[in-house]
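> Just a sequence and a predicted model for now, questions to come.
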Amino acid sequence: MINKKDVVRINQEIGESGEFQNQSSLDYALSTLKHRKSWLYELAYIARSLLVDHAFVDGNKRTAMAIILTYFDENRQEYDKERVVKVTLQISKKNIKDVNRIARLIKSAILY
């Protein structure tokens with residue numbers, strides 16, 4: 001399971017400061033992980049925190065993509081990297097807040 005330090009580290013690894021803009025959104029997303037049964041919904045909450053609520057000052061989209069790819073790798077899912085990019089941009093640009101819809105969009109990048 002991912003924690004706050006992991007998310008900050010990933011933001012820093014992509015070249016950003018790890019400085020929060022909306023820390024409470026990330027805290028909420030991470031608190032839901034205890035109650036979710038599916039890794040896909042865990043991921044959707046984290047993605048929403050980054051892409052819609054802008055948890056960090058900078059690098060939210062790149063951080064979200066890195067976390068999505070990490071989750072896919074950890075769950076042994078083959079994926080279409082271009083689709084991950086498109087989905088990430090779509091969630092961000094359209095300000096999609098519905099976690100169920102975000103989960104479906106992320107799932108659409110998985111190759112079966």
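That came in fine, so what should we check first?
> And for residue 7, the neighbour number?
Around residue 7 there are 23 other residues, counting by other C-beta atoms under 10 Å. All C-beta atoms are positioned from the backbone trio N, CA, C, and that covers glycine.
> How about the one 3 residues further on?
The burial count assigned to residue 10 is 22, neighbours taken as other C-beta under 10 Å.
> now residue 58
16.
> Distance check, the closest residue in space to it that isn't next to it in sequence against residue 55.
Excluding its sequence neighbours, the residue lying closest to residue 58 (C-beta to C-beta, 6 or more residues apart in numbering) is residue 16, at 4.9 Å. Using C-beta to C-beta, to the nearest Å, residue 16 is found at 11 Å from residue 55.
> Show me which of those two is the more surrounded one.
Set residue 16 next to residue 55 and count neighbours by other C-beta under 10 Å: residue 55 wins out with 28 against 17.
> List the contacts of that one.
The contact partners of residue 55, taken as C-beta atoms under 8 Å, 6 or more residues apart in numbering, are 7, 20-23, 25-26, 29, 49.
> pLDDT score assigned to the residue lying closest to it once chain neighbours are set aside?
Closest residue to residue 55 apart from its sequence neighbours, by C-beta to C-beta, 6+ apart: residue 26 at 4.1 Å. Looking at residue 26, its pLDDT stands at 97.
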